[in-house]
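Asker: Predicted structure and sequence below. I'll ask about it afterward.
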Amino acid sequence: MHLIKPLWLTHPGELKDFEVYSCHVSPDGSRLVTAAGDGYVRIWSTEAILNSNNSEYTKPKQLAAISHHSGTIHAVRFSSNGKYLASGADDKIVCVYALDPNAPTHAAFGSNEPPPVENWRVFRRLIGHDNDVQDLGWSYDSSILVSVGLDSKVVVWSGSTFEKLKTLSSHQSHVKGITFDPANKYFATASDDRTIKIYRFTSPPPNATPQDQVNNFVLEHTITAPFQASPLTTYFRRCSWSPDGAHIAAANATNGPVSSVSVVTRGTWDGDISLVGHEGPTEVCAFSPRMFYKDPPRDISDPNSYQHSVTVVACAGQDKCLSIWNTSYARPFIITQELAMKSITDLAWAPNGETLYITSLDGSITVIMFEAGDLGYPASVSENEKHLSKYGAGRRAGIVEGTDALLLEESSKSGELKGVQGRMGALMGDGGAVQPPTITNGTNGSLSNGAVPTPPQAPAEPIPDQRVEKLKQRVTVAKDGKKRIAPMLVSASSGVGESSLPQTKLISATTTAGGRSDNPHNILDLSKPYDGYPRGGLASMLVGNKRKFAEIEGDEDRQVERRLHASVRPGGAAIVINGENGLVPPAAANSSRTGDTEPPKVLRPAIVSPSISVSQIRLAVPKVRSVIVRTMDGSEPTNSSGNDPGKVDNMDTVILEARNATGPSRTGRPQDHDPARINCTKKGKALWQDFIPKAVLLVTGNMNFFAAASEDGSVYAWSPAGRRLTSTLITEAQPAIMDCRGWWLMCITAIGTCHVWNLHTMSSPHPPISVAPILDIASHAQGPHLTRSPGIIFARLNSEGRIIVAMSNGDGYAYSPDMYVWQRISEPWWAVGSQYWNTTDSSVGNIKSSKDKEPSKETNDQVSLENVSAGIIPLLERNTTNQFLLQGRAFYLQRLVKALVSAEGYESFESCVSVAHLENRVAAARTLGAREEFKIYFSMYVKRLGAEGLKGKIEELLRSLTGDLLAEEDGEDAAKTEDDVICGWRREDLLKEVVLILGKFRDLQRITVPYARVLGIIDERHDGDQAMITDM
């Protein structure tokens, strides 16, 4: 072991050296970076440090000195890919630097610093903390940067765009340490609240946004036992994760009254192991990045070649002592006393695992270089990967197979880079930022879900706001009397321009804008005066202003007002009604309300069928209401009085109204009630009228027909002109749910039987089916404990006449008429176990039909075949979230999954469930015919397959898309056994997308390059961009 301490390796000051707080070694081992109280980030050549005793060594020692902080720098860390360098200081800012290949500039004027050898420039300044930044950490794939500080916050930044992805506020005091799991599954933070918190995360893609990462970076476990009596006097609590991923070495722990280092075991997160020996609190722990053997490595051909590997950890703190331990001994095998004059602040190992760099508050930077065999014999990097593989760690990037593979990789990454550049342009206010494509679900769009896509047109200029134009020309008078036009700051929050960043929506625009609603149309709007509120609203009523009589049409002389005043006794008040426009007599108020829609009221419960008493399935029967209203387009009915400014009055809306008998019997017998009246009106005029002998329970309709179901189980259907389309349809019980779409009509009875009819062809796609199977499954899942019985939240039809049912236990089902079976589309298992469960996914939530702007093209309530079932899968998954996760029913299932993730034998559990969830989404979208959702889920599925390296599934997927195009047998083309279109997409287009997505994974290029050659992807790129790889 050699101790190296060059005199020039300091942060010099006028009187003494500045305190050094942090150090780190670059991944290639060629640079050492240090940070101190002088506000400088200094980068040193490790070669010059190790050759400091060689007088003939003349190469530069200090490579750069960067000063972009206004205070003491507490942490510096190189990214794992060596591309970036990050520093955090007490000015609350995190700076990210990148090495500029251009020649460095001269030293700052008036500075005594030597001229820089390397040109490190500030790439980003990250502002997200409210107090000092204490520590930094990069994930092992450099996808995220995490900063912690004295504001108790843990801030997660994207490693590509450096956009703030999430702020975690779980700690209750200063956070002073951060370490990452080498398997890239967790990171741990240490705080003065005497806890270490373990967070689970999934590496975000380069174009990730905060909206996409809502369900990422979740708290997995809190460790408190080893730290309950830990002192709060340490400047840092820098912990470290072992290279095999099995342990965390946590500084500033206690074992009784003695200071110690706690070794936390992965999975159980128990801190039963303690490293005792330091006289003062420890501040920093650092595992060597390599694993070691006790004996020299043996030849692989040797049958006894297996050797047990150990890990090595270094610990230091306020006692100015360094101890080095390995997992073979109960005592430290190296101890150095009085290594520094003050507390040791940071430790950094070189990539070879046998050189240790030490910094201290006395300003010293010390290097310990171990001889071969001092720590053991270093194992190969594959030994680390072998241990990490059982935790689901990713593989190393393979070697490029050739020029074709490199061209394919560049083609694959070009799309991602464009998206990232566009987002950064929007963040930085670049007017020329790449605008994200509008995701549409109909025709004419860059991502269309309709017929044939057309070339994108130039976006139209927005209509200028008159208020903004006036503000731009606002004239002010200065103190000297001269007139000036005051400048106006037009920011993103002014509402003038729309941001190019993706806007997350929980519910798609299609469902909120023009979607069909079967709810009673009696929503109360509290944004305006109503039911007797004065014109000024509730506030003016409380003040007690005296209201005037309203102006009554035909009463210009106010005769009604005088007559009311004359008819009351002295000291009394006239009987008037407080209307929106003033006081009106009751007669005038009643006459003004004759044209309004009468609010429905419940008359009585429906008479149930005797079949319900013997049925195992019993659904709730709607009560008999006085009035049931349905519009032809499914929208809310307009207020005919015209006093509703919140709704657009569409006078062309056709309204069907079912009015049940409310008065007493005309014959004296209760059973001889008046028939139900069916009225169809438009613009207040009656189009047609019909009568039904029994009371009406449900009404539905669209552009093709109207339908009504009565309490005796009869279903009636009329054309828009009032002609009866068919004889009365008789069902076995009272109707419980009724819905229509196109020419399809669905009726679910009280005993759970689903009927579906096509009123155009007068046929049914399948016999009546029962909801008993899905209700029985829901009842079985309830368990032995007492809870509410499961029920149906909603049941709908899609454009192909398929039944979609959402259950109260979170499940979502669709009935397949081809297979005569219910299919589960959404379930709570995916919500708890899958990494892709995110109902706020902007790529799916923003899907909307472009045909909403042109309703005339969507005739007869029909949509194109490619647009069938758009939005059903997100709707069912939102129902699962609402019914299962938000209502607390997922507690025990979440506990089970949480225990399985860290259990032995279930290391790949989360990965398998996530892939299965994506496969379920793809199959459901294809079954339902949701074209755009199929494309989105299919792309997500292919990306996950590439990340997991599942070569068997990838080869099978490529063969299924090509139809064995690569297999040429006997020189004859194989006959096409399947259609060339899958869910509205051409097989060739899907195959090209798959090859481009998988092209960046080098381990898969032996599979993808032959397909890329056949499809012409490599040739097109090579011909179109000759200078594509000149910067490699």
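Answerer: Perfect, I can see it now.
Asker: Below-threshold pLDDT in the stretch 651-800 of the chain: ranges please.
Answerer: 651, 778-789 (pLDDT under 70).
Asker: all helices of it, in order?
Answerer: Counting by DSSP state H, counting those that start in this stretch, one finds helices in the stretch 651-800 of the chain at the ranges 772-781.
Asker: Quick check: Ser22 is in a helix.
Answerer: No - counting by DSSP: H, G, I helix; E, B strand; the rest coil, Ser22 falls outside a helix, being strand.
Asker: Beta-bridge partners for it, please?
Answerer: For Ser22, the beta-bridge partners under DSSP bridges are Ala35.
Asker: give the contact list for it.
Answerer: Ser22 sits next to 34-35, 73-77, 345-346, 359 when contact means CB atoms under 8 Å, 6 or more residues apart in numbering. Every C-beta, even on glycine, is put in place using the N, C-alpha and C of the backbone.
Asker: one more time with 10 Å, if that's ok
Answerer: Neighbouring residues of Ser22 by CB atoms under 10 Å, 6 or more residues apart in numbering: 33-36, 41, 73-77, 87-88, 134-136, 236, 238, 284, 345-346, 348, 359.
Asker: Buried only: go through the residues you listed for me.
Answerer: For the contacts of Ser22, a burial check counting by 16 or more other CB atoms under 10 Å picks out 33-36, 41, 73-77, 87-88, 134-136, 236, 238, 284, 345-346, 348, 359.
Asker: lowest-confidence helix or strand of the protein?
Answerer: helix 509-513 (a mean of 37; mean pLDDT, DSSP states H and E).
Asker: Centroid-nearest residue for this protein?
Answerer: Asp212 (3.0 Å; CA atoms, centre = their mean).
Asker: so that residue, which of the three states?
Answerer: At Asp212 the chain is in coil, as set by three-state DSSP.
Asker: Do a quick rundown of the helices in the stretch 1-150 of the chain.
Answerer: Secondary structure of the stretch 1-150 of the chain by DSSP H, counting those that start in this stretch: the helices cover 46-50.
Asker: returning to what we had before: let me know whether the residue nearest to the centre of the chain touches Pro204 as I believe.
Answerer: Yes - between Asp212 and Pro204 there is a contact at 7.1 Å, judged by CB atoms under 10 Å.
Asker: which neighbours do the two share?
Answerer: Listed as contacting both Asp212 and Pro204 by CB under 10 Å, 6+ apart are Leu165.
Asker: Show me how the record splits the chain into domains.
Answerer: 18-91+93-126, 615-637+652-662+674-846+866-879 (the TED database).
Asker: which one of the ones you listed lies closest to Tyr140?
Answerer: Taking CB to CB, domain 18-91+93-126 is the member of these nearest to Tyr140, at 5.2 Å.
Asker: Okay, now the closest one: how far is its last residue from its first?
Answerer: By CA to CA, to the nearest Å, the extent of domain 18-91+93-126 from end to end equals 25 Å.
Asker: can you give me the mean pLDDT across it?
Answerer: Average pLDDT, domain 18-91+93-126: 88.
Asker: measure Thr355 to Glu47 for me?
Answerer: 12 Å (CB to CB, to the nearest Å).
Asker: I should have written Trp985 there, sorry.
Answerer: 55 Å.
Asker: again, but for Lys898
Answerer: 48 Å.
Asker: As TSV, the domains of the chain with distance to Glu383 would be great.
Answerer: Listed next are the domains of the chain as TSV, based on distance: least, CB to CB, whole Å:
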stretch	distance to Glu383
domain 18-91+93-126	18
domain 615-637+652-662+674-846+866-879	28
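Asker: low-scoring stretches of the stretch 901-1032 of the chain, by residue?
Answerer: 963-979, 1019-1032.
Asker: so where do the helices sit in it?
Answerer: Counting by DSSP H, counting those that start in this stretch, the helices of the stretch 901-1032 of the chain are 909-928, 931-948, 951-962, 987-998, 1005-1015, 1017-1024.
Asker: Can you name every helix or strand that the second one contacts?
Answerer: Using 3 or more CB pairs under 10 Å, 6 or more residues apart in numbering; DSSP states H and E as the contact test, the elements touching helix 931-948 are helix 842-845, helix 872-880, helix 909-928, helix 951-962, strand 981-982, strand 985-986, helix 987-998.
Asker: Just say which of the ones you listed is most tucked in.
Answerer: Between those, helix 872-880 has the highest mean count of neighbours, a mean of 23, where neighbours are mean count of other CB atoms under 10 Å.
Asker: now the angle from that one to helix 931-948?
Answerer: Between helix 872-880 and helix 931-948, the angle comes out at 70 degrees (axes from the mean of the first three to the mean of the last three CA atoms, to 10 degrees).
Asker: Next, count neighbours for Arg723.
Answerer: 11 (other CB atoms under 10 Å).
Asker: Flag every buried residue along stretch 315-332.
Answerer: By neighbour count on 16+ other CB under 10 Å, the buried set for stretch 315-332 is 315-327, 332.
Asker: Need the distance between the two termini of that stretch.
Answerer: For stretch 315-332, the separation between the terminal residues is 10 Å (CA to CA).
Asker: Mind checking the pLDDT average for it?
Answerer: Computed over stretch 315-332, the mean pLDDT rounds to 89.
Asker: How about stretch 262-271?
Answerer: Mean pLDDT, stretch 262-271: 90.
Asker: one step back: indicate which one of the helices and strands packed on helix 931-948 is closest to Pro289.
Answerer: Shortest distance between Pro289 and the helices and strands packed on helix 931-948, using CB to CB, is found for helix 909-928: 25.1 Å.
Asker: Next, the angle from that closest one to helix 872-880.
Answerer: Counting by the same axes, to 10 degrees, helix 909-928 points 130 degrees away from the direction of helix 872-880.
Asker: so where do the strands sit in the stretch 251-400 of the chain?
Answerer: Along the stretch 251-400 of the chain, counting by DSSP state E, counting those that start in this stretch, strands occupy 258-265, 273-276, 282-287, 292-293, 309-310, 312-317, 322-326, 334-336, 344-349, 355-360, 365-369, 377-378.
Asker: Would you mind giving those strands as TSV with distance to Gly791 added?
Answerer: Formatted as TSV, those follow (distance: least, CB to CB, whole Å):
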stretch	distance to Gly791
strand 258-265	45
strand 273-276	52
strand 282-287	54
strand 292-293	62
strand 309-310	57
strand 312-317	57
strand 322-326	60
strand 334-336	68
strand 344-349	60
strand 355-360	65
strand 365-369	69
strand 377-378	63
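Asker: coming back round to it: quick one, which of the helices and strands packed on helix 931-948 gets closest to Glu409.
Answerer: helix 987-998 (10.0 Å).
Asker: elements contacting the closest one?
Answerer: If you count contacts as 3+ CB pairs under 10 Å, 6+ apart, helix 987-998 packs onto helix 403-427, helix 931-948, helix 951-962, strand 981-982, helix 1005-1015, helix 1017-1024.
Asker: Identify the bridge partners of Ile982.
Answerer: Listed by DSSP bridges, the beta-bridge partners for Ile982 are Trp985.
Asker: Distance of it relative to Thr202?
Answerer: 28 Å.
Asker: partners of the nearest residue to Ile334 once chain neighbours are set aside in the sheet?
Answerer: In this structure, Ile334 finds its nearest non-sequential neighbour in Ile324, 4.1 Å apart by CB to CB, 6 or more residues apart in numbering. Assessed by DSSP bridges, Ile324 has beta-bridge partners Ala314, Ile334.
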